[in-house]
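Peer 1: structure of the sequence below:
(chains A and B)
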Amino acid sequence: MGADKRALVEQLFVEHDGALRAFFTRRIRRKPDAAELAQEVYARMLRVPDVEAIENPQAYLFTVARNVARERALKLRKEATVDIDDPTIQPQIAQGYAWDADLDTARLSKRLREVLLELSPKCRAAVAMQYWYGMSYQEIAQKLEVSTHMVKKYLSQALTLCRRRMGRFG
Amino acid sequence: MDLVQDKRQREWITREAADWFVANREDLDAAQRKQFLAWLRASPVHVEEYLQIASLGDQLAVSEMDAEPSLDVLIERARTADDSDVEQSTSWRRGQVRDRHPRVWQPAALAAALGVLALGVLWLNGRLSTSPVERVPELHFATARGEQSTQHLIDGSVLYLNTDTSVFVRITGSERQVRIERGEAAFQVVHDTSRPFRVIAGLAEVVDVGTKFDVYCQSAESTLVTVLEGRVIVNPTRSGSSLPIDPLRPGGKGAIALVAGQQVRLVRGEVAFGPSAVDARHAMAWLEHRIAFERQPLAEVAEEFNRYGGKRIEIEAPELRGLAISGSFAPDDVESFVAFLGTLDGVRVEVEPARIRVTRQEPVRPVKR
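Peer 2: Residues are numbered from 1 along each chain as shown, chains lettered A, B, ... in the order given. Sure thing, here's the model as predicted:
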């Protein structure tokens, strides 16, 4: 991938950060949705002819994921528009995709804070410094007087624990 | 479809996803990039876990920070706390993928993951002691009855799963191995002399040399191997062996070379039938969501339909079991097949709510000769 193209992908990534978040926090929590979306993202990644040329795999992955999520959202909206007069579809609309999302997010946020309390002191401090104070691994390492390698371990372990607990919750 | 049903394996993948997500906050070097891409491309489950972890990272970033305790207090507690609870979650990345350090719980977790498969456990134990390469976790792909799926493997090979099939895939730098626990799979294999592609089904093992072939594990004892393109080596009793494969001479004692258009049936470690010439497209017809028969006994044909779920076909007249059937049908279209059966002389079909009974039709008038 050339520098221009890479810049474009990164720009897309920044611009659509909100869309990405919406995708993650709403769609991916519904288990069948998440698996189906991941399946589609995966299939598209496999179609890349020269995968080694991707300079930022994570940005690329998120870009593909956003596109899939957007297509899917459009499709859902279209389906809802088409069927809205159908009386049998009314209960489905009542449990729809949009209005409960905020409620869900609040509920999840609360649960996440509970899970954070389960973390070991080192993991918790590392999470606080990275996510709330935006500190680099180097800075966190200095504060905790450990290696950056250990900082990464704390953070990885924190995410793993959160994922396990939240997965059961969701 | 739940690709990875096993919880422990899922947890393993979660840890890997978290490691990669943490690593990605800094720039990856070329080797790490390659490894990360390879990891993502190994399975859709990896992609899903990675997106889930990224989603958590997002939520953490926007979640409100705790007012109490203050950051200084958090840091002070962290400094005085001991480290013993932090597992070795990222240490393997310092080396190449091929010499990962074992995690403390790994052998136990893997053994538990495979615990349902007696054969699998034996095989694993035989290998754990030999080489750390073998500790790369297996991927599990499965289809429900009536379902088919296509899996793209990391080496570029393609795996097609037929209905009610369960396979385990392990791909390392030195070998590629697929174990069919149940059902039928077809393979489109990318040629790679440094990594033989081995398929284990029941007692038998098929070593591929770059080709397209089908392995149908009809039971633990009976396996049908059909080659569409290229050539494979079939070892009727090899699968229990843990001997390394010589890529230049992949066939062991009793091995059979099978070429395009040939089929062999193995029963209890011996060649029961073949190698014989077949229309390999028939064996592969399921890939186009068709099942095809050429003068096959009705009992076998009925069993084929029963594999796909739906109403069960039961043949109640023993003398009809050997009736030769030819044709090509959609597996989910039992109705067409039943209609076809009804047109045959001497066959009577009764469709009941839960099953389809096939009985002998007593001729009400003389049958035309």
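Peer 1: name the nearest residue to A:K143, sequence neighbours excluded.
Peer 2: Closest residue in space to A:K143, ignoring its immediate chain neighbours: B:I75 at 5.4 Å, by C-beta to C-beta, 6 or more residues apart in numbering or on different chains. For glycine as for every other residue, the C-beta is placed from the backbone atoms N, C-alpha and C.
Peer 1: in what helix or strand does that neighbour lie?
Peer 2: helix B:71-80 (DSSP states H and E).
Peer 1: for chain A, give me the ranges with low pLDDT.
Peer 2: For chain A, applying pLDDT under 70 flags the ranges A:1-33, A:49, A:73-105, A:167-170.
Peer 1: from B:R265, how far out is B:F197?
Peer 2: 21 Å (C-beta to C-beta, to the nearest Å).
Peer 1: these two: which is more packed in?
Peer 2: Neighbours were counted for B:F197 and for B:R265 using other C-beta atoms under 10 Å in any protein chain shown; B:F197 has more, 26 against 18.
Peer 1: ok, the nearest residue to the more buried one once chain neighbours are set aside - contacts?
Peer 2: Nearest non-adjacent residue to B:F197, counting by C-beta to C-beta, 6+ apart: B:D208, 4.2 Å away. B:D208 makes contact with B:F187, B:V189, B:P196, B:F197, B:R198, B:V199, B:G230, B:V232, B:I233, according to C-beta atoms under 8 Å, 6 or more residues apart in numbering or on different chains.
Peer 1: now do 6 Å
Peer 2: Residues near B:D208 by C-beta atoms under 6 Å, 6 or more residues apart in numbering or on different chains: B:V189, B:F197, B:V232.
Peer 1: verify the stated contact: the last one with B:V215.
Peer 2: The one in question is B:V232. No - assessed by C-beta atoms under 6 Å, B:V232 is found out of contact with B:V215, at 9.3 Å.
Peer 1: who touches both of these two?
Peer 2: What both B:V232 and B:V215 touch, as defined by C-beta under 6 Å, 6+ apart, is the set B:V206.
Peer 1: where exactly do the strands run in the stretch 1-150 of chain B?
Peer 2: Taking DSSP state E, counting those that start in this stretch to define them, one finds strands in the stretch 1-150 of chain B at B:139-142, B:149-152.
Peer 1: reformat these as CSV; add distance to A:Q157, mean pLDDT and mean neighbour count.
Peer 2: As requested, these are exported to CSV (distance: least, C-beta to C-beta, whole Å; pLDDT from 0 to 100; neighbours: other C-beta atoms under 10 Å in any protein chain shown):
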stretch, distance to A:Q157, mean pLDDT, mean neighbour count
strand B:139-142, 24, 85, 22
strand B:149-152, 31, 79, 17
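Peer 1: tell me the one of the contacts of B:D208 nearest chain A?
Peer 2: Here the nearest of the contacts of B:D208 to chain A, counting by C-beta to the nearest C-beta, is B:V189; it sits at 16.3 Å.
Peer 1: wait, isn't the residue nearest to A:K143 in contact with A:E145?
Peer 2: No - between B:I75 and A:E145 there is no contact under C-beta under 6 Å: 9.4 Å.
Peer 1: who has more neighbours out of these two?
Peer 2: Legend: neighbour count by other C-beta under 10 Å for B:I75 and A:E145, higher for B:I75 (21 against 10).
Peer 1: about what we covered before: B:V232 and B:V215 - which one has more neighbours?
Peer 2: Shown here are B:V232 and B:V215; by other C-beta under 10 Å, B:V232 has more neighbours (29 against 26).
Peer 1: wasn't the more buried one part of a strand?
Peer 2: Yes - applying DSSP: H, G, I helix; E, B strand; the rest coil, one finds B:V232 inside a strand.
Peer 1: wait, what's in contact with it?
Peer 2: B:V206, B:D208, B:F213, B:L258.
Peer 1: now do B:L320
Peer 2: Contacts of B:L320 by C-beta under 6 Å, 6+ apart are B:L298.
Peer 1: would you map the helices across chain B?
Peer 2: B:7-23, B:30-40, B:44-62, B:71-80, B:106-113, B:118-128, B:280-283, B:298-307, B:334-342 (DSSP state H).
Peer 1: so which of the contacts of B:D208 is the closest to B:Q177?
Peer 2: B:F197 (7.9 Å; C-beta to C-beta).
Peer 1: what parts of chain A come near chain B?
Peer 2: A:21, A:24, A:28, A:34-35, A:38-39, A:41-42, A:46, A:51, A:57-58, A:65, A:109, A:112, A:120-122, A:125, A:128, A:131-132, A:143-144, A:152-153, A:155-157, A:159-160, A:162-163 (C-beta under 6 Å from any C-beta of the partner chain).
Peer 1: rewinding a little: farthest pair within the contacts of B:V232?
Peer 2: Farthest pair in these, by C-beta to C-beta: B:D208 and B:L258, 10.2 Å.
Peer 1: for A:V115, which non-adjacent residue is spatially closest?
Peer 2: Nearest non-adjacent residue to A:V115 (C-beta to C-beta, 6+ apart): A:R165, at 4.5 Å.
Peer 1: quick check: the one you found is in a helix.
Peer 2: Yes - assigned with three-state DSSP, A:R165 falls within a helix.
Peer 1: quick one: it and A:L117 touch, right?
Peer 2: No - taking contacts as C-beta under 6 Å, A:R165 lies outside contact range of A:L117: 10.8 Å.
Peer 1: neighbour count winner among those two?
Peer 2: A:R165 (16 against 8).
Peer 1: how much space separates the more buried one from B:G173?
Peer 2: 35 Å.
Peer 1: cool, B:T237 as well?
Peer 2: 27 Å.
Peer 1: ranges for the helices of chain A?
Peer 2: A:3-15, A:17-22, A:31-46, A:57-83, A:90-94, A:99-116, A:121-127, A:137-144, A:148-169.
Peer 1: alpha carbons only: can I get the last one in CSV?
Peer 2: So that's helix A:148-169. Output of helix A:148-169 as CSV, limited to C-alpha atoms (Å, rounded to 0.1, in the frame of the first residue of the first chain):
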residue,chain,number,x,y,z
THR,A,148,6.9,-1.7,29.6
HIS,A,149,6.7,-5.4,29.0
MET,A,150,5.0,-5.8,32.3
VAL,A,151,2.7,-2.9,31.6
LYS,A,152,1.5,-4.6,28.5
LYS,A,153,0.9,-7.8,30.5
TYR,A,154,-1.2,-5.9,33.0
LEU,A,155,-3.3,-4.3,30.3
SER,A,156,-3.8,-7.5,28.3
GLN,A,157,-4.8,-9.3,31.5
ALA,A,158,-7.3,-6.5,32.3
LEU,A,159,-8.9,-6.7,28.9
THR,A,160,-9.1,-10.5,29.0
LEU,A,161,-10.8,-10.4,32.4
CYS,A,162,-13.2,-7.7,31.2
ARG,A,163,-14.0,-9.6,28.1
ARG,A,164,-14.8,-12.8,30.0
ARG,A,165,-17.0,-11.0,32.5
MET,A,166,-18.7,-8.8,30.0
GLY,A,167,-19.2,-11.8,27.6
ARG,A,168,-21.1,-13.6,30.3
PHE,A,169,-23.1,-10.5,31.0
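Peer 1: how many residues are close by B:S174?
Peer 2: 14.
Peer 1: check the one 10 residues further on too.
Peer 2: Burial measure for B:E184: 25 neighbouring residues, criterion other C-beta under 10 Å.
Peer 1: who's in contact with it?
Peer 2: Neighbours of B:E184 in contact, by C-beta under 6 Å, 6+ apart: B:N162, B:T165, B:Y216.
Peer 1: now with 8 Å?
Peer 2: B:L161, B:N162, B:T163, B:T165, B:D214, B:V215, B:Y216, B:C217, B:W286.
Peer 1: how many neighbours does the fourth one have?
Peer 2: One way to gauge burial is a neighbour count; for B:T165, by other C-beta under 10 Å, it gives 25.
Peer 1: how near is it to A:Q130?
Peer 2: Counting by C-beta to C-beta - B:T165 and A:Q130 are separated by 43 Å.
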